[in-house]
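K.L.:
attaching a predicted model along with its sequence, questions to come.
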Amino acid sequence: MSTKTTEKKPAAKSDKPNALQQPLQPSPELAAVVGEGKLARGEVVSKVWEYIKAHDLQNPKDKREILADDKLSKVFGKDKVTMFEMNKYLAQHLK
């Protein structure tokens, strides 16, 4: 009985960050929530969630719904969004 051993090739490491790691400049409206300076998309989403939780902006009856305050309504363009819609609106404020 012979067994085949497969060697795992190391993942090619590139110095170029992927799309989620690429630092992007937030718009002035988004910067009011996440701070000035370039951030990766993942960092932006994390900071927005920190803001949402710190200001108790989730609908208590449906935690998937975010009730925007003045700062977030400028980013989202409306008073409430679902957590699934949020990234679409955040992307519009990143360059």
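P.N.:
It's in.
K.L.:
correct me if wrong: Pro26 contacts Ala91.
P.N.:
No: applying Cβ atoms under 8 Å, one finds Pro26 not in contact with Ala91, separated by 11.0 Å. Yep, even glycine has a C-beta here, placed from its N, CA and C like the rest.
K.L.:
just the mean pLDDT for the longest helix seen in the chain, thanks.
P.N.:
The residue-count maximum for a helix in the chain (DSSP state H) belongs to helix 41-54. The average pLDDT within helix 41-54 is 95.
K.L.:
which other helices and strands does that helix contact?
P.N.:
Under the contact definition 3 or more Cβ pairs under 8 Å, 6 or more residues apart in numbering; DSSP states H and E, helix 41-54 sits against helix 28-34, helix 70-76, helix 83-91.
K.L.:
who are the packing partners of the first one?
P.N.:
Judged by 3+ Cβ pairs under 8 Å, 6+ apart, the packing partners of helix 28-34 are helix 41-54, helix 70-76.
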